[in-house]
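Peer 1: Need a 3D model of the sequence below.
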Amino acid sequence: MKAAVVQTRGDKGLEGNLADCAHWLDRATKAGAALVVLPENFAYYGCRGLPRAGADESTPDGPVRRFLASQAKQQGVWLLGGTIPVADTPDDKPHAASLLLSPQGEEVARYNKIHLFDVDVEETGKSYRESDDYRHGGDVVVAPTPLGNLALSVCYDLRFPELYREMTARGAEILAAPSAFTAATGRAHWELLLRARAVENLCYVVAANLADRDHPSKATWGGSAIVDPWGKVLASLDDEEGFAIADIDLERLHSLRRQMPVLSHRRL
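Peer 2: Modelled structure (predicted):
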């Protein structure tokens, strides 16, 4: 079965961003994708009103949650909605929530981003404080799908290998990493991290990223990719909008795990 990652710029406002996602989602499903992953913050990127958006999305009737349900059902596809701000109640600071929808349009899993991007990037002199807008999540999420057991993570999570080892201990076969990786950090580390997480866990990695390397203030790296358990990049994009698609072959995954049983050789 095939998985696809969608890459957009996220610079067209809510309606324009959703239209872009719908366009590429349609293209990806027509190419045979059974699972499609959208980027982190695919709908609300650059939005200054995240608490308001989180309140709007606090129930399944939120505008983007309705969009995701409609698209999953219309396309008959498993859809991972990158992240959107979701408040537990309308008055709470939101989580950066990644929602997995079935082909029936049902929300079957939700992951709240655990590691928030509170860093200073020396190369650009920029500072990021994601925790100003979002609450930390705390739960590891692995959901069964027809393609395999799908583990949910987001962007900055990629720098914390202990999270992925816990996911693998819980049966993960595919690691999803919707992202909005900055251009500076992406240039240095994006593909390296994707391949490392794939190799050390003998999992597929499906990573959809926002892409706008030349943006004057919010440059994002792009490079959305699907990586196999041996660390091979099966399909990828550069800085353009679009989708990339590749086969998920669980027989190959389990063959590699039998041949190199690193997961059972751990001593620490």
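Peer 1: can you count the residues close to Leu234?
Peer 2: The burial count assigned to Leu234 is 18, neighbours taken as other CB atoms under 10 Å. For glycine as for every other residue, the C-beta is placed from the backbone atoms N, C-alpha and C.
Peer 1: do the same with Ser131
Peer 2: Taking other CB under 10 Å as the criterion, the count of residues near Ser131 is 12.
Peer 1: Equivalent analysis for Ser102, please.
Peer 2: Here the count is done by other CB under 10 Å, and Ser102 has 19 residues near it.
Peer 1: before we move on, what about Val36?
Peer 2: 29.
Peer 1: Give me the pLDDT value at it.
Peer 2: On pLDDT, Val36 comes in at 98.
Peer 1: In contact with it, which residues?
Peer 2: In this structure, Val36 makes contact with 3-6, 25, 28-29, 75, 77-80, 243, judged by CB atoms under 8 Å, 6 or more residues apart in numbering.
Peer 1: so which strand or helix has it?
Peer 2: Secondary structure assigned from DSSP states H and E places Val36 in strand 33-37.
Peer 1: Following element in sequence after that strand, please.
Peer 2: Following strand 33-37 in sequence, per DSSP H and E, is helix 50-56.
Peer 1: That next one packs against which elements?
Peer 2: Contact analysis of helix 50-56 by 3 or more CB pairs under 8 Å, 6 or more residues apart in numbering; DSSP states H and E lists strand 84-86 as its packing neighbours.
Peer 1: and the strand it packs on, how far out from the chain's middle?
Peer 2: Centroid separation for strand 84-86 versus its chain: 13 Å, with CA atoms, centre = their mean, to the nearest Å.
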